[in-house]
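Chemist: fold the following for me, if possible:
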Amino acid sequence: MKPTVAPFPHTRLRRARRTPALRGLTRENLLSVEDLIWPVFVREGKGEIEPVASMPGVYRRSVDKIAEAAKEAHALGIPAICIFPYTPLEARTEDCAEAWNPDNIANRAIRAVKDAVPDMAVMTDVALDPYNINGHDGYVVNGEIVNDRTVEALVRMTLAQAQAGADIIGPSDMMDGRIGAMRTALEQEGYQNVMILSYSAKYASAYYGPFRDAVGASGALTGDKKTYQMDPANSDEALRLIERDLREGADMVMVKPGTPYLDIIRRVKDSFGVPTFAYQVSGEYAMIQAAAQNGWIDGEKIMMESLLGFKRAGCNGVLTYFAPEAAKLLNG
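Modeler: Purely as a prediction, here's the structure:
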């Protein structure tokens with residue numbers, strides 16, 4: 001229903017913008033610390049904090065330093081942390097067996113965070129690319145990324161992460177049928193309370209470049225991921241993917257990347273009304289940081305405006321590398 005607005009001067013819309021108090025009273029959307037999920041990168045070693053060159057302010061941390069970072073995030077009020085592994089080259093194989101090793105660095109990091117900060121929600125990434133010698137999210141057979149065999153491996157990976165203590169499983173692989181297979185396995189193995197935040201509408205985007213540097217997948221990747229990630233030209237397909245994943249047992253859904261796909265977020269929220277998240281990906285982060293470092297923009301203001309944009313589009317929360325910095329500003 002269209003709102004009725006009296007003609008000028010009976011309606012002066014600027015009245016509500018006159019003071020900070022009036023703007024606060026009429027503000028439609030609010031960003032809070034509880035909306036933030038912080039993606040972090042874990043590497044082997046001890047006492048290691050290694051900068052990611054293409055992502056200023058982002059680091060690969062050893063497991064002990066991940067636990068320290070989780071404590072800092074919890075103190076800021078950030079409710080969740082998402083763990084991505086930087087896997088050594090020698091652990092990357094054709095069969096990707098390290099992906100479901102109970103003692104791989106991601107699973108060790110899960111346990112370390114839960115030991116250090118039991119109340120913090122730990123989210124994980126489910127895809128084979130950090131463990132695959134060719135950098136793909138699934139098995140490659142005769143040049144094709146095969147679906148069903150990959151799903152079997154992803155289920156094993158999911159159960160290993162649940163056993164390690166993960167609260168939220170984040171399948172980012174974009175294989176067909178994986179949500180149903182994961183949910184069935186979690187139920188059968190006694191992990192009924194583990195949530196699935198599905199990367200349901202993950203686009204084959206050029207915005208992922210710095211992330212692939214961070215996890216060491218850039219050099220390993222052969223070809224591209226267009227046969228399983230979404231075509232950036234498509235919108236209706238995203239709704240079909242969301243509906244499918246919800247029917248298969250996803251608790252929450254994600255659109256990735258974030259800023260270029262705010263229209264998709266809005267359509268998803270309006271269509272399904274389910275917990276909807278965006279990932280403000282590495283390329284989005286790196287562009288803001290680079291422009292800020294060059295003095296071309298006010299980095300803090302752009303950061304907060306971009307995060308508020310996700311809320312306005314319909315997001316319940318955002319995965320963002322800005323989480324600690326944004327939390328400090330939100331906490332005053």
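
Chemist: tell me what whichever helix or strand F310 is part of is packed against?
Modeler: If you go by DSSP states H and E, F310 is part of helix 299-313. Here helix 299-313 touches helix 262-272, strand 276-280, helix 282-293, strand 317-320, helix 323-330, going by 3 or more Cβ pairs under 8 Å, 6 or more residues apart in numbering; DSSP states H and E. C-beta here means a position set from N, CA and C on the backbone, and glycine is covered the same way.

Chemist: okay if I get the ones you listed as CSV plus mean pLDDT, mean neighbour count and distance to P51?
Modeler: Converted to CSV, the helices and strands packed on helix 299-313 look like this (pLDDT from 0 to 100; neighbours: other Cβ atoms under 10 Å; distance: least, Cβ to Cβ, whole Å):
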stretch, mean pLDDT, mean neighbour count, distance to P51
helix 262-272, 98, 18, 30
strand 276-280, 98, 27, 20
helix 282-293, 96, 19, 12
strand 317-320, 98, 24, 18
helix 323-330, 98, 19, 15
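
Chemist: in JSON lines, list the ones you listed along with distance to I168.
Modeler: Listed next are the helices and strands packed on helix 299-313 as JSON lines, based on distance: least, Cβ to Cβ, whole Å:
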{"stretch": "helix 262-272", "distance to I168": "18"}
{"stretch": "strand 276-280", "distance to I168": "10"}
{"stretch": "helix 282-293", "distance to I168": "20"}
{"stretch": "strand 317-320", "distance to I168": "11"}
{"stretch": "helix 323-330", "distance to I168": "15"}
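
Chemist: which one of the ones you listed lies nearest to D173?
Modeler: strand 276-280 (14.2 Å; Cβ to Cβ).

Chemist: got the buried residues for the helix holding F310?
Modeler: Residues of helix 299-313 classed as buried by neighbour count (16 or more other Cβ atoms under 10 Å): 299, 302-304, 306-311, 313.

Chemist: rewinding a little: out of the helices and strands packed on helix 299-313, which comes closest to Y86?
Modeler: Per Cβ to Cβ, nearest to Y86 of the helices and strands packed on helix 299-313: helix 282-293, 13.4 Å.

Chemist: now the angle from that closest one to strand 276-280?
Modeler: 50 degrees (axes from the mean of the first three to the mean of the last three Cα atoms, to 10 degrees).

Chemist: what inclination does helix 282-293 have with respect to helix 299-313?
Modeler: Using the same axes, to 10 degrees: helix 282-293 against helix 299-313 is 140 degrees.

Chemist: right, so of the helices and strands packed on helix 299-313, which gets closest to R178?
Modeler: Of those, nearest to R178 by Cβ to Cβ is strand 276-280, at 17.7 Å.

Chemist: and that closest one, how far out from the chain middle?
Modeler: Offset of strand 276-280 from its chain centre (Cα atoms, centre = their mean, to the nearest Å): 6 Å.

Chemist: export that strand as PDB, just CAs?
Modeler: Output of strand 276-280 as PDB, limited to C-alpha atoms (Å, rounded to 0.1, in the frame of the first residue of the first chain):
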ATOM      1  CA  THR A 276      19.600 -13.700   5.300                       C
ATOM      2  CA  PHE A 277      23.300 -12.800   5.400                       C
ATOM      3  CA  ALA A 278      25.800 -11.200   3.000                       C
ATOM      4  CA  TYR A 279      29.500 -11.700   2.700                       C
ATOM      5  CA  GLN A 280      31.300  -8.400   2.200                       C
END
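
Chemist: still on that earlier bit, the buried residues of helix 299-313: which two are farthest apart?
Modeler: Among the buried residues of helix 299-313, the pair separated by the greatest distance (Cβ to Cβ) is G299 and A313, at 21.5 Å.

Chemist: which other residues reach the helix holding F310?
Modeler: Helix 299-313 is touched from outside by 28-31, 35, 258-259, 262-263, 265-266, 269, 278, 280, 284, 288-289, 291-293, 318, 320, 322, 325-326, 329, with contacts defined as Cβ atoms under 8 Å, 6 or more residues apart in numbering.

Chemist: quick one: mean pLDDT over the lengthiest helix in the chain.
Modeler: Counting residues, the longest helix found in the chain (DSSP state H) is helix 148-164. Helix 148-164 shows an average pLDDT of 98 in the prediction.

Chemist: alright, calling it a day.
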